[in-house]
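Visitor: kindly return the folded structure for what I paste below:
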Amino acid sequence: MSTPTSTQSCAAFYAAQHAAARGTSRLAAGPLPFHGATALDVCTRDVVTCDAGMQVGEAARLMRKHDVGALVVVVEAPAPGRHVVAGLLTDRDLAVGVVAMERDLQSTRVGDVMRADVVSARADDPVASLLSLMRHKRVRRLPVTGPEGELLGIVTMDDVLAGVAEQVHALADVAAAARHGTDTSPVPSH
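Guide: Numbers count the residues shown, from 1 in each chain. Now for the predicted structure:
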């Protein structure tokens, strides 16, 4: 079995793996994609970051260059090469906090408009809890952090929903097969 690349979220990877298995029985393909998965399993590891001192115009260009809707604002962690989450800057923050307020792109810094009260997920949080957390806190993105608060990745609502959709599709396949008597393989127990 292959493994996901650093720029491919695990949710997309698992969805592709299970889509490739569609020619065979879903029941024989093994457990559903998120069975026992954690935030670290489904996050994108290649996170686009910036610091609070960056000009907002430069931050917007960085978002465009990497085709992302948010930048994780970081500060250097005590461990070399590690970063701690200090905030989150979204495209909406730029639209509402900079453009709508007619702020100067050169003098306004990321730290002036970012959200410092970032909702994040711990690496070992179960995927099943991520949608609930996102809904409760009304966020679409969760930086994933390690035990020392260090940034490990980011998980988006789209990442989680892609996996959930794949699970629903797999369950629909199982139900259809059972209804038509085309697959009598036992469902794996977990």
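Visitor: what are the phi and psi values at the nearest residue to residue 55 once chain neighbours are set aside?
Guide: Distance criterion C-beta to C-beta, 6 or more residues apart in numbering; nearest residue to residue 55, sequence neighbours excluded, is residue 106 at 5.8 Å. For the C-beta atoms, the positions are set from N, CA and C on the backbone; glycine is no exception. Dihedral pair for residue 106: phi -80, psi -40, per degrees, to the nearest 10.
Visitor: residue 98 is in contact with residue 106, correct?
Guide: No. The pair residue 106 / residue 98 is not scored as a contact, 11.2 Å apart, by C-beta atoms under 8 Å.
Visitor: what about residue 73, distance to residue 135?
Guide: Relative to residue 135, residue 73 is positioned 24 Å away (C-beta to C-beta, to the nearest Å).
Visitor: okay, these two: which has more neighbours?
Guide: Set side by side, residue 73 and residue 135 show more neighbours around residue 73, with 25 against 10, by other C-beta atoms under 10 Å.
Visitor: could you look up the SS state of that one?
Guide: Classification of residue 73 by DSSP: H, G, I helix; E, B strand; the rest coil places it in strand.
Visitor: can you pull the pLDDT of it?
Guide: Per-residue pLDDT puts residue 73 at 97.
Visitor: that one bridge partners, please.
Guide: Beta-bridge partners recorded for residue 73 (DSSP bridges): residue 50, residue 87.
Visitor: check contacts around it.
Guide: Contact analysis of residue 73 by C-beta atoms under 8 Å, 6 or more residues apart in numbering lists 49, 50, 51, 52, 85, 86, 87, 88, 89, 110, 111, 114.
Visitor: residues contacting residue 49?
Guide: Counting by C-beta under 8 Å, 6+ apart, residue 49 makes contact with 71, 72, 73, 74, 83, 151.
Visitor: just for the protein, where's the confidence low?
Guide: 1-35, 182-190 (pLDDT under 70).
Visitor: spatially central residue for it, please.
Guide: The residue lying closest to the centre of the chain (C-alpha atoms, centre = their mean) is residue 155, at 1.5 Å.
Visitor: that one belongs to a strand?
Guide: Yes. Checked against three-state DSSP, residue 155 lies within a strand.
Visitor: need the contact list for it.
Guide: 9, 39, 42, 43, 44, 121, 130, 141, 142, 144.
Visitor: so which of these belong to strands?
Guide: Of the contacts of residue 155, the ones assigned to strands by DSSP state E are 121, 141, 142, 144.
Visitor: can you pull up the bridge partners for the nearest residue to the third one once chain neighbours are set aside?
Guide: Residue nearest to residue 142 in three dimensions, not counting chain neighbours: residue 121, with 4.3 Å by C-beta to C-beta, 6+ apart. Note on residue 121: beta-bridge partners by DSSP bridges are residue 144.
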